[in-house]
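Asker: mind folding the following:
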Amino acid sequence: MSLTYQGIPASPGIVIGKAWIYRPAPVAVQRDAACSPEIEWEHFTAAKETARQQLERLADRCKQQFGAEEAAIFDAHLMILDDPDLGETIRASILEGGQSASAAAEAAFNTYVETIGALQDEYLGARAQDIRDVSRRVQYCLMGIDPAAFEMPDQPVVILAEDLAPSDTVQFDKRLILGFCTVKGGPTSHVAIIARSLGAPAVVSAPINLESLPAGIQVALDGTAGKVILDPTPEEIQALQKDQDREEAAWQQALSQAHSPAVTRDGCQVEVVANIGSAEDAHTAVLYGAEGVGLLRTEFLYLDRDTLPNEAEQIRAYAEIFAVMGSRPVVVRTLDIGGDKAVSYLGVQAEPNPFLGWRAIRMINERPDVLRDQFRSLLQAGVNACLRIMLPMVSSLDEVRQAKAIYCQVRDDLLAGGLPCAQDVQFGIMVEVPSAALIAEHLAEEVDFFSIGTNDLTQYTLAVDRTNERVAPLASPFHPAVLRLIALTIESAHKKGRWVGLCGELAGDPRAAGLLLGLRLDEFSMAAKSIPVVKALLRTLDSTACRQVASQALSQATTQEVIDLLNDAFAHDR
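Answerer: Numbers count the residues shown, from 1 in each chain. Next comes the predicted model:
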């Protein structure tokens, strides 16, 4: 008899296959010191160095398989491993307290996790998983266990696990991953990000007792609905296979038309572009029909290094991406790094709440050189590009004016020095903070465009940490308050003759296509693999009818009322 579990959708799609249950090796802490304190300390330092080498290899593997942004998590792991206070605590416990290397490391890491938890900060609470992951790795190294040597699937499987840390996920051969299902985790967890980058279905927070499952049991995974069926009946399999066949046929049809423009039934053309973070991503975007780039994340240039990238490095990296995109517009987001990433050379420090801390445009007073160097590099690299530059995390008009002053000075210096300098560059900002949406009419007088980042706008508007699995379901961009801020931003921009894009995950959500079209959004920016489907969907819509639906959505009182309205209004279009 089949068993059905309802989890949280993390990556869309349907897959049926054998389950492979991931069970990491247990950690056995050696309580008694087997040798002298000096030898125990040497044992720890050797294990720490081994852990460092493993993390560096994992970062390289992750970059190759999934991209630079996904690999950035291992920079945080290396920062944890090198934490000076942690190291000093372990050293004192071994050399002065006589503890074993294993027991000292366990106690220090546990205290680290407890300290984070005592701060009562949701973001750092979610980051405790990273600390535990590093702790486990150090213990494995002390035990002489190589995590990469664990038994791995040898055939395509659906991977089930209690939870999957970043270092767990990266070990799998992506060619053998049919889908993921975890008992814990939220829709923005690392495994969800990896699944979406692979185009593999994923369900998280599914209340399954993995201990009772027999090896190789068949599982059906519906990442769109968040449903998991164990040992599905022939009838259930048949029904899911029909859905799967429909999805595959729709995908192939959409893919065949991916390079055609998205023109609605009543002749309204919509710009559909990609979110990228590397030259490799740019190639993928072109492959899937992107008409440009709506968000180029530049953090890849600053992570996994000890010094700032110089001007020549930046110019080369940007020029490579611009060359791939040709005449297509490229919106480049200036550096958005804060206390959640390991970049000590910038003066970034661990903060109780890094999402609300010293990051992005807020670094401008202490480190104006970072923004100045980035402007210089972009303007020189973008001579033959359709370049658009935008500032992240803007919350006030003063920040925009200050950044524009630096930008104008850089441009004037380049021209005065006879250096290459891009012309007709558009200058814009991201709307991620409610205050920016509320003063959008004033901001529009200073910039050429807005790009709405709905991931952050949602969590800041609703005071919900989207990385925290216990509250993640509350972080819906369909909440009426979020939609009203989006509508206000678009209306304010259009009054001043400015265009508006949206680069959050909402842009690639098929449920939102008609709503955003009805709100008169000018540009949809999304993960490259979502482009064919969203383009195909937009071609089925009538913009006038969508405006009526959008007006109704803005008058709803709850998130569910909005979703129900959209389901009713656009059911025939999907």
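Asker: tell me the buried residues in the top helix by length along the chain?
Answerer: In the chain, taking DSSP state H as the definition, the longest helix is helix 37-65. Neighbour-count burial for helix 37-65 flags 37, 40-41, 43-44, 47-48, 50-52, 54-55, 58-59, 62-63, 65 (criterion: 16 or more other Cβ atoms under 10 Å). C-beta coordinates here come from the backbone N, C-alpha and C atoms, glycine included.
Asker: can you give me the helices in the stretch 51-200 of the chain?
Answerer: Along the stretch 51-200 of the chain, the stretches classed as helices by DSSP state H, counting those that start in this stretch are 68-71, 73-81, 84-95, 101-118, 122-143, 166-171, 190-198.
Asker: let's have those in TSV, adding mean pLDDT and mean neighbour count.
Answerer: Output for the helices of the stretch 51-200 of the chain, formatted as TSV (pLDDT from 0 to 100; neighbours: other Cβ atoms under 10 Å):
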stretch	mean pLDDT	mean neighbour count
helix 68-71	66	20
helix 73-81	83	21
helix 84-95	92	17
helix 101-118	83	19
helix 122-143	77	21
helix 166-171	80	23
helix 190-198	78	23
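Asker: so residue 299 sits against residue 335, correct?
Answerer: Yes - assessed by Cβ atoms under 8 Å, residue 299 is found in contact with residue 335 at 6.7 Å.
Asker: show me which of the two is the more surrounded one.
Answerer: The neighbour comparison of residue 299 against residue 335 (other Cβ atoms under 10 Å) goes to residue 335, with 23 against 17.
Asker: ok so, going back, on contacts alone, who are the packing partners of the longest helix of the chain?
Answerer: The contact analysis (3 or more Cβ pairs under 8 Å, 6 or more residues apart in numbering; DSSP states H and E) places helix 37-65 against helix 68-71, helix 73-81, helix 84-95, helix 101-118, helix 122-143, helix 166-171.
Asker: 10 Å instead, please
Answerer: With contacts defined as 3 or more Cβ pairs under 10 Å, 6 or more residues apart in numbering; DSSP states H and E, the secondary structure elements packing on helix 37-65 are helix 68-71, helix 73-81, helix 84-95, helix 101-118, helix 122-143, helix 166-171, helix 190-198.
Asker: make JSON lines from the ones you listed and add distance to residue 508 to it.
Answerer: Formatted as JSON lines, these follow (distance: least, Cβ to Cβ, whole Å):
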{"stretch": "helix 68-71", "distance to residue 508": "16"}
{"stretch": "helix 73-81", "distance to residue 508": "22"}
{"stretch": "helix 84-95", "distance to residue 508": "39"}
{"stretch": "helix 101-118", "distance to residue 508": "32"}
{"stretch": "helix 122-143", "distance to residue 508": "23"}
{"stretch": "helix 166-171", "distance to residue 508": "21"}
{"stretch": "helix 190-198", "distance to residue 508": "9"}
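Asker: of these, which approaches residue 308 most closely?
Answerer: In terms of Cβ to Cβ, the element of these nearest to residue 308 is helix 73-81, at 15.1 Å.
Asker: point out where the stretch 301-450 of the chain drops to low pLDDT.
Answerer: 304, 338-344, 348-354 (pLDDT under 70).
Asker: can you give me the helices for it?
Answerer: Using DSSP H, counting those that start in this stretch, helices in the stretch 301-450 of the chain cover 311-325, 368-381, 397-416, 434-438, 440-443.
Asker: could you report the separation of residue 315 from residue 389?
Answerer: From residue 315 across to residue 389, the span is 15 Å (Cβ to Cβ, to the nearest Å).
Asker: cool, and residue 159?
Answerer: Taking Cβ to Cβ, one finds residue 159 at 40 Å from residue 389.
Asker: neighbour-wise, which of these two wins?
Answerer: It is residue 159, of residue 159 and residue 389, that has more neighbours when counted by other Cβ under 10 Å, with 27 against 24.
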